[in-house]
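> coords below, sequence missing:
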Ligand SMILES: Nc1ncnc2c1ncn2[C@@H]1O[C@H](COP(=O)(O)OP(=O)(O)OP(=O)(O)O)[C@@H](O)[C@H]1O
């Protein structure tokens, strides 16, 4: 799904968090949002997901004005840095959560959960609980849970932020491979320039609520090195 962001601004009181953002996120692309803390990256993701409303401007999702779409109708999967899994539910139940909520028939839920467990290579953990998994494994489950309802867009807000360097590196390769397989339009926020350059097709740099730079990783390397 293609995302078009048009003259988008967001103010909290007098504070301008996003200032006239214009962006196009192409279908099937994998785009990284980087920028200092407080530059508005998470707010933009939350507005796209429908968790927050813009003060001005529009977002078009596959050509449809997002104002007319509920959170469910947007077809968006979301993963946060600390998107805690439900501790009292097994891994399979966590993945099934969105499907059960939408009253999907049981056999369909079971098939989908099996496919997703295979995709994240955690089949043997179906009946385990989140506390029995490592941080990296838990984030893979969070991603599977976001993918369960077959979203057309994935929004990842610092998905690997809480993990150590080695696990982060493994997961970023995994994310890139997963994206090549599934081709879902993906926007992910990261503080880590190297991570952005390694994973994304395009990098967008935010500064004080504005788009400071945007381009392919190769074009951005010298700019990011100066940061
Ligand atoms: N609900 C809110 N009410 C008031 N101010 C808010 C609200 N949400 C965010 N802000 C402010 O908006 C600014 C941008 O926040 P945002 O989380 O979008 O930045 P960010 O670039 O994602 O930062 P980080 O990388 O630290 O997560 C911050 O100064 C934050 O305090």
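Alright, I've got the coordinates. No experiment lies behind these values; they were computed from the predicted model shown.

> which residues of this structure score low on pLDDT?
83, 226-227 (pLDDT under 70).

> Now with 80, please.
Applying pLDDT under 80 to the chain picks out residues 81-84, 162-163, 220-227.

> Near the ligand, which residues of it are found?
12, 17, 35, 37-43 (Cβ under 6 Å from any ligand atom). C-beta: built from backbone N, CA, C; applies to glycine.

> State which helix of the protein is the longest.
Counting by DSSP state H, the longest helix found in the chain is helix 165-182.

> Point out the other helices and strands that the helix or strand just after it packs with.
Going down the chain from helix 165-182, the next helix or strand is strand 185-189, by DSSP states H and E. Applying 3 or more Cβ pairs under 8 Å, 6 or more residues apart in numbering; DSSP states H and E, one finds that strand 185-189 contacts strand 30-35, helix 41-49, strand 153-157.

> between strand 185-189 and strand 30-35, how big is the angle?
20 degrees (axes from the mean of the first three to the mean of the last three Cα atoms, to 10 degrees).

> Tell me who's in contact with the closest residue to residue 45 other than its chain neighbours.
Computed as Cβ to Cβ, 6 or more residues apart in numbering, the closest residue to residue 45 that is not its neighbour in sequence is residue 155, at 4.7 Å. Each residue near residue 155 by Cβ atoms under 8 Å, 6 or more residues apart in numbering is listed here: 45, 48-49, 76-79, 186-188.

> Adding neighbour count, write these out as JSON lines.
Supplementary listing: these in JSON lines, determined by neighbours: other Cβ atoms under 10 Å:
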{"residue": "45", "neighbour count": "21"}
{"residue": "48", "neighbour count": "23"}
{"residue": "49", "neighbour count": "18"}
{"residue": "76", "neighbour count": "26"}
{"residue": "77", "neighbour count": "24"}
{"residue": "78", "neighbour count": "21"}
{"residue": "79", "neighbour count": "20"}
{"residue": "186", "neighbour count": "25"}
{"residue": "187", "neighbour count": "26"}
{"residue": "188", "neighbour count": "26"}
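
> Please consider this matter closed, and thank you.
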